[in-house]
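Student: Here is a sequence with its predicted model. Questions after.
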2 protein chains.
Amino acid sequence: MRNLILTLIIAFTIISCTEKKADKTVETSTINKQDSTQIKTVFDASLTEGQAYEWLRDLTQNIGGRLSGSPEAQQAVEWGEQLMKDQGFENVRLQAIMVPHWVRGEKEKAFYKIGNELRDVPVCALGGSIATPNQGITAEVIEVKSLEEAIAKGEELRGKIVFFNRPFDATLINTFKAYGGCVDQRYSGAKTCGEFGAVGVIVRSMTLSMDDNPHTGTMSYGDIPANQYTPTAAISTNAAAQLSLDLKNNPNLKFYLKQSCETLPDAPSFNVIGEITGSQYPNKYITVGGHLDSWDLGEGAHDDGAGIVQSLEVLRLLKETGIKPKHTIRVVLFMNEENGTRGAKKYAEEAKFKKEIHVAALESDSGGFTPRGFSYDGNEENKELFLSWKSLLEPYGLHDWTVGYSGADIMPLKDGTITLSGYKPDSQRYFDYHHTSTDTFDKVNRRELQLGAAAMTSLVYLMDKYLDVSTVKQ
Amino acid sequence: MRNLILTLIIAFTIISCTEKKADKTVETSTINKQDSTQIKTVFDASLTEGQAYEWLRDLTQNIGGRLSGSPEAQQAVEWGEQLMKDQGFENVRLQAIMVPHWVRGEKEKAFYKIGNELRDVPVCALGGSIATPNQGITAEVIEVKSLEEAIAKGEELRGKIVFFNRPFDATLINTFKAYGGCVDQRYSGAKTCGEFGAVGVIVRSMTLSMDDNPHTGTMSYGDIPANQYTPTAAISTNAAAQLSLDLKNNPNLKFYLKQSCETLPDAPSFNVIGEITGSQYPNKYITVGGHLDSWDLGEGAHDDGAGIVQSLEVLRLLKETGIKPKHTIRVVLFMNEENGTRGAKKYAEEAKFKKEIHVAALESDSGGFTPRGFSYDGNEENKELFLSWKSLLEPYGLHDWTVGYSGADIMPLKDGTITLSGYKPDSQRYFDYHHTSTDTFDKVNRRELQLGAAAMTSLVYLMDKYLDVSTVKQ
């Protein structure tokens, strides 16, 4: 069927297009043969002697979770710098930034009683939250399903713990869409409830899985006054379901929460950068990256150790397979994506300041799962060209080429000319592990990770070869 | 891009096809809207209140591995029958068969020494193998990479243990192709070496993963005389790599193998069958199934508990979503796929004897991973129609619709008219768990499993609605 479709498309294109377009088709078709050979070489190398998986083992097993400002984050910076040097990348350097420095403190505690029965609640503070008082807080619980519902309750929230319990929409095939439909509760729950005098906010964990793992993540008090800040935490999905049930029969149950997290002064940290200098356009850049920081609860394996080692692998595979890029290919290990994107902002700011021309940027921050496709976020001129590469990568399982958002760390580079792309692996398992203690190395499959690295390398190869420099601001 | 391609295809089809074909296109396009609505209903139901995952938990955790002829296989038969009755399936019955009854006996043992260092080798007998003598066998090892190489060695094999060590080709994207390129060593290694007087055969495990788990699987002595039978076993990939290395420096090392497996007389067992009676063609059948037996080392979760619960879920989802099939939809839990396919043969034989008309058969036996597509193995008349359904299932991640082999349990039904199809999930992780102790429930993801069940239900719905009865032998 695929061949039939391709034949139909080619036939139709040749018959009905203008002469100019027909020429382009013929040219593309010749080029595609060389490209498919080159891409196969990249995949073969990645699948037989790829390094990404062993690098990930090292990062996750020997450093582990690496929240911005932590000693582990600093170790990860040094690890990345050393690895780039060992691999012979050029211009290896650290880009200094200041990052938020939030610490979790002692393990959080939450419970309530139904009669004599104690219900222990798996809980974790959200990143950026304040602590409870030393003795914890105890209050009645009001369950709501949305920010709007909380606002509508208004003064009813005073003195209460507000429980945000809107679950993911399981019918959405792409789980990132389900996440997008819920995460406002986590990010803005405390901000919304503070002005009404709520004493705490607890949020159902951002996952489709029914389990006992609380999932952390960033939250913000926005611009509300500090005296309206409330401690805010995530509880596991099983606990959320049980609490909701218990509230039906025991609307006045008292919920206890204790956490001792704290925001310290901003800490110094770094993006880690390395390059392969371009043969024709050394001052024009294609950036590939992921984020080096992670939440503290797990090992940051899928989020985003996978993206880090895949990005490093892109440069290694380019060298290994003898590809000499025209543009300078730059790998950036961005710091602080999770709670501030300071690394991303700094990178874009400095690029602008130095008047660096960025042709394209590719981000991997959706896990190390089996490949599904790439997203495109760029100008109209390059869109058709970019999407035409689908045919070259379909044999490797990359069928989903969509236009849209491509990643938090490359977004600040957007300027109307740059081609941004996000690597899109299968999304089904991602939120099982996202921001929780189970995001560990054993959840990553070697082949799935290496297929992703090969796909990313192939895309960088194509962008380097075909993206029209004339569409990039000089 | 996808929309562009579809538009191009539709445009081209309308312009260039014959009138008859054009009519068909218009008709298909109208129908597709109803179908996509129906299919969404099926996926929504499967993702929000699907039962397959909890059924799999029950099968794997309460029964576990269920090799043909074992008490566990009998428990699984009773489990399947009861579940079908509980679900209100019609004509629930057991189809009696006799199955091979091979038992593993005591845990196998293998080792060798390099100087004073003992190398313990993770090992398991292959299904169908004979035992070693009670005291085990000790012999030198000859490493080969293929049956041809073993044959070429001829008399050199006498008194030796032959070590088949050709690895999977990691560059093949579909791991089933890599398996297909290696499994002759496991299946026919002993048969090939017996006539040359080899005293044992060990085979590198059939997996891409480098680990310490031996992977069992079926083997055959074919028609060689019983006095040429040699004990045969799989060793883990890590052990295979180490042994190969050790043989370079110690070509005369002595390898010890002990196993006490045994083939008992054939045992009685059953296929388990249930139905939804067709509203228009109650005597014409669409069969959906997987195999109920599994190897004994793990829990038979991906192979093929997943296929079993997905097949059961197809009938439940049809009922749940109010689909009234025209043909009788039959679920068959086939017994003995792993070492004999006696269930499959019996089912096809009885269908032929009873002159049952089988319109289509769908098999799920490639694991419970995220959906990728379906295969088609049928006649030319229905091929285009079948492949056109791709557009309806692409939104759910099913992009790979290929023509080819569709499964061992439905293959005996092939008669030139029936439409056979195999459900094709992502193949990257399958051989990590295949036939080994790690094929356990925790390796199955709920959403991936339920997406597969929904895809299968959708395909059965489409086959029931559109497959042309006139192409089926009367």
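Tutor: Looks like it arrived, so ask away. Keep in mind it's a predicted model, so treat the numbers as computed, not measured.

Student: What distance do you get for the residue most central in space within chain A to A:A234?
Tutor: Centroid-nearest residue in chain A: A:D365, 3.4 Å away (criterion: C-alpha atoms, centre = their mean). According to C-beta to C-beta, to the nearest Å, A:D365 and A:A234 sit 20 Å apart. All C-beta spots, glycine's among them, are computed from the backbone N, C-alpha and C.

Student: Same question for A:K424.
Tutor: Taken as C-beta to C-beta, the span from A:K424 to A:A234 is 26 Å.

Student: Settle it for me: which of these two has more neighbours?
Tutor: A:A234 (32 against 25; other C-beta atoms under 10 Å in any protein chain shown).

Student: ok, what's across the strand from the more buried one?
Tutor: A:C124, A:V203 (DSSP bridges).

Student: Do me a favour and get the backbone dihedrals for A:T402.
Tutor: Torsion angles at A:T402 (phi, psi; degrees, to the nearest 10) stand at phi -120, psi 160.

Student: Excluding chain neighbours, what is closest to it?
Tutor: Nearest residue to A:T402, sequence neighbours excluded (C-beta to C-beta, 6 or more residues apart in numbering or on different chains): A:S375, at 5.3 Å.

Student: check contacts around A:S146.
Tutor: A:F164, A:R166, A:D184, A:Q185 (C-beta atoms under 8 Å, 6 or more residues apart in numbering or on different chains).

Student: likewise A:R372?
Tutor: Contact analysis of A:R372 by C-beta under 8 Å, 6+ apart lists A:G397, A:L398, A:H399, A:D400, A:K424, A:P425, A:D426, A:S427, B:G397.

Student: is it fair to say the residue nearest to A:T402 lies in a helix?
Tutor: No: assignment of A:S375 by DSSP: H, G, I helix; E, B strand; the rest coil gives strand, placing it outside any helix.

Student: Among the contacts of A:S146, name the ones in strands.
Tutor: The strands, defined by DSSP state E, take in A:F164 from the contacts of A:S146.

Student: now the strands for the stretch 301-450 of chain A?
Tutor: With strands called from DSSP state E, counting those that start in this stretch, the stretch 301-450 of chain A shows them at A:327-334, A:357-363, A:371-377, A:400-403, A:419-425.

Student: So which of these is the most surrounded?
Tutor: Stretch with highest mean neighbour count among the strands of the stretch 301-450 of chain A: strand A:327-334 (a mean of 28; mean count of other C-beta atoms under 10 Å in any protein chain shown).

Student: Counting by contacts, list what that strand packs against.
Tutor: When contacts are defined as 3 or more C-beta pairs under 8 Å, 6 or more residues apart in numbering or on different chains; DSSP states H and E, strand A:327-334 packs onto helix A:71-86, strand A:262-276, strand A:281-291, helix A:306-320, helix A:342-353, helix A:446-466.

Student: Report the buried residues of the fifth one.
Tutor: Using 16 or more other C-beta atoms under 10 Å in any protein chain shown as the burial criterion, the residues of helix A:342-353 that qualify are A:R342, A:G343, A:A344, A:K345, A:K346, A:Y347, A:A348, A:A351.

Student: tell me the mean pLDDT for stretch A:437-452?
Tutor: Looking at stretch A:437-452 alone, the average pLDDT works out to 98.

Student: can you give me how far that stretch is from the chain middle?
Tutor: Stretch A:437-452 sits 15 Å away from the centroid of its parent chain (C-alpha atoms, centre = their mean, to the nearest Å).

Student: And for stretch A:181-191?
Tutor: 18 Å.

Student: can that stretch be found next to chain B?
Tutor: No: judged by C-beta under 8 Å from any C-beta of the partner chain, stretch A:181-191 and chain B are separated, with a smallest distance of 14.5 Å.

Student: Which of the residues in that stretch are classified as buried?
Tutor: Using 16+ other C-beta under 10 Å as the test for burial, stretch A:181-191 gives A:C182, A:V183, A:Q185, A:R186, A:Y187, A:S188, A:G189, A:A190, A:K191.

Student: What of stretch A:191-209?
Tutor: Buried residues in stretch A:191-209, counted by 16+ other C-beta under 10 Å: A:191-194, A:196, A:198-209.

Student: Take it and give me the span from its first residue to its final residue.
Tutor: 27 Å (C-alpha to C-alpha, to the nearest Å).

Student: just how off-centre is that stretch within its chain?
Tutor: Worked out by C-alpha atoms, centre = their mean, stretch A:191-209 lies 23 Å from the chain centre.

Student: again, but for stretch A:394-407
Tutor: For stretch A:394-407, the distance to the chain centre is 16 Å (C-alpha atoms, centre = their mean).

Student: Send over that stretch as CSV, restricted to the C-alpha atoms.
Tutor: What follows is stretch A:394-407, C-alpha atoms only, in CSV (Å, rounded to 0.1, in the frame of the first residue of the first chain):
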residue,chain,number,x,y,z
GLU,A,394,9.0,6.1,7.4
PRO,A,395,10.9,2.8,7.0
TYR,A,396,12.3,3.4,10.5
GLY,A,397,8.8,3.9,12.0
LEU,A,398,8.6,7.7,11.8
HIS,A,399,5.1,8.2,10.3
ASP,A,400,3.9,11.1,12.4
TRP,A,401,5.2,14.4,11.0
THR,A,402,3.1,17.2,12.4
VAL,A,403,3.2,21.0,12.5
GLY,A,404,3.4,22.4,16.0
TYR,A,405,5.2,23.1,19.3
SER,A,406,8.6,21.6,19.3
GLY,A,407,10.1,22.0,22.8
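
Student: Mind checking the pLDDT average for that stretch?
Tutor: On average, stretch A:394-407 scores 97.

Student: can you pull the contacts of A:K258?
Tutor: Residues near A:K258 by C-beta under 8 Å, 6+ apart: A:E108, A:K109, A:A110, A:T132, A:Q135, A:G136, A:I137.

Student: quick one: contacts for A:T207?
Tutor: A:T207 is in contact with A:F168, A:N213, A:H215, A:T237, A:F431, A:D432, A:H434, A:T436, counting by C-beta under 8 Å, 6+ apart.

Student: With A:D464 instead?
Tutor: For A:D464, the contact set (C-beta under 8 Å, 6+ apart) comprises A:G278, A:I286, A:P325, A:K326, A:H327, A:I329.

Student: Settle this for me: the fourth one is touching A:I276, isn't it.
Tutor: No: with contact taken as C-beta atoms under 8 Å, A:K326 and A:I276 are classed as non-touching, separated by 10.8 Å.

Student: okay, those two: which has more neighbours?
Tutor: A direct count of neighbours by other C-beta under 10 Å for A:K326 and A:I276 places A:I276 higher, at 24 against 17.

Student: So that one sits against A:L317, correct?
Tutor: No: using C-beta under 8 Å, A:I276 makes no contact with A:L317, being 10.9 Å away.

Student: and the stretch 301-450 of chain A, which residues reach chain B?
Tutor: Residues of the stretch 301-450 of chain A lying close to chain B by C-beta under 8 Å from any C-beta are A:370, A:372, A:387-388, A:390, A:394-397, A:399-401, A:426, A:428-429, A:432, A:445-448.

Student: Show me which of those are buried.
Tutor: Buried among those by 16+ other C-beta under 10 Å: A:370, A:372, A:387-388, A:390, A:394, A:396-397, A:399-401, A:426, A:428-429, A:432, A:445-448.

Student: could the strands of the stretch 301-450 of chain A be laid out in a markdown table, adding distance to A:S220?
Tutor: Output for these, formatted as a markdown table (distance: least, C-beta to C-beta, whole Å):
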| stretch | distance to A:S220 |
| --- | --- |
| strand A:327-334 | 20 |
| strand A:357-363 | 22 |
| strand A:371-377 | 24 |
| strand A:400-403 | 29 |
| strand A:419-425 | 23 |
